[in-house]
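> Predicted model and sequence below, questions to follow.
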Amino acid sequence: MKKALFAAVVLAAMPFAALADDDDDAGPEAGMGLAGVLSKSNREALPALTLSTGQPIAKGPLTLKSGKYYTLKIEADGSQELALEGAGFFRAIWVNEIVIEGIEIRPLGVDSIEFDEAGEAEISFVAIKPGSYHLKIPGSTGDTQQVAITIE
């Protein structure tokens, strides 16, 4: 009975022993820190998206890497009530939080973000599912009224 209990304890401790070995050589060259994908070394700020009547949303397409943590700022100038929709994109990422005027929101899902007046929102997320996606102004057809996003 004691041998079975000892064996169970040793087997249960094995994953933790492997983690302890990884900590000994942890450094910048070893990859991410203890926070994993949320580590500072895995974060990147994307160029801001702009919502303004008749103006392009972005300067060009965005290319993201699966497993990387990103922050995306969306700025609206208030020239018109405008939204960004992209259900496919929002389902391909894990949203950590959306910050609007200092208020942090941690949603289970997002379909679109709408600005009734001038303002700013910042989304922090981890790219998950590789593919090609779009964020666009609903009802628009112009290429400048959307941003192409590729997750590799």
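Everything's here; your move.
> switch to C-alpha atoms for all contacts and neighbour counts from now on
Will do.
> Show me the domain layout of this protein.
Following automatic domain parsing, one gets these domains for the chain: 2-34, 37-151.
> Deepest-packed of the ones you listed, please.
Most buried of these, by mean neighbour count (mean count of other CA atoms under 10 Å): domain 37-151, with a mean of 17.
> And it, end to end?
Distance between the two ends of domain 37-151: 16 Å, counting by CA to CA, to the nearest Å.
> residue contacts, the residue most central in space within the chain?
Among the residues of the chain, the one closest to the centroid is residue 125, at 1.7 Å (CA atoms, centre = their mean). By CA atoms under 8 Å, 6 or more residues apart in numbering, the contact set of residue 125 is 69-71, 93-97.
> helix, strand or coil for the closest residue to it other than its chain neighbours?
Closest residue to residue 125 apart from its sequence neighbours, by CA to CA, 6 or more residues apart in numbering: residue 95 at 4.3 Å. At residue 95 the chain is in strand, as set by DSSP: H, G, I helix; E, B strand; the rest coil.
> thought residue 90 was touching residue 109?
Yes: counting by CA atoms under 8 Å, residue 90 does reach residue 109; the two are 7.2 Å apart.
> May I have the beta-bridge partners of the closest residue to residue 47 other than its chain neighbours?
Spatial nearest neighbour of residue 47, excluding adjacent residues (CA to CA, 6+ apart): residue 72 at 7.0 Å. Residues in a beta bridge with residue 72, per DSSP bridges, are residue 123.
> quick one on the thing from earlier: now tabulate the domains of the chain in JSON lines and tack on mean pLDDT.
What follows is the domains of the chain, written out as JSON lines (pLDDT from 0 to 100):
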{"stretch": "domain 2-34", "mean pLDDT": "50"}
{"stretch": "domain 37-151", "mean pLDDT": "94"}
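> can I assume residue 138 sits in a helix?
No: counting by three-state DSSP, one finds residue 138 to be coil, located in no helix.
> mind listing the helices for this protein?
Assigned by DSSP state H, the chain shows helices spanning 2-24, 87-91.
> so who does residue 72 touch?
45-49, 122-124.
> No further queries at this time; thank you.
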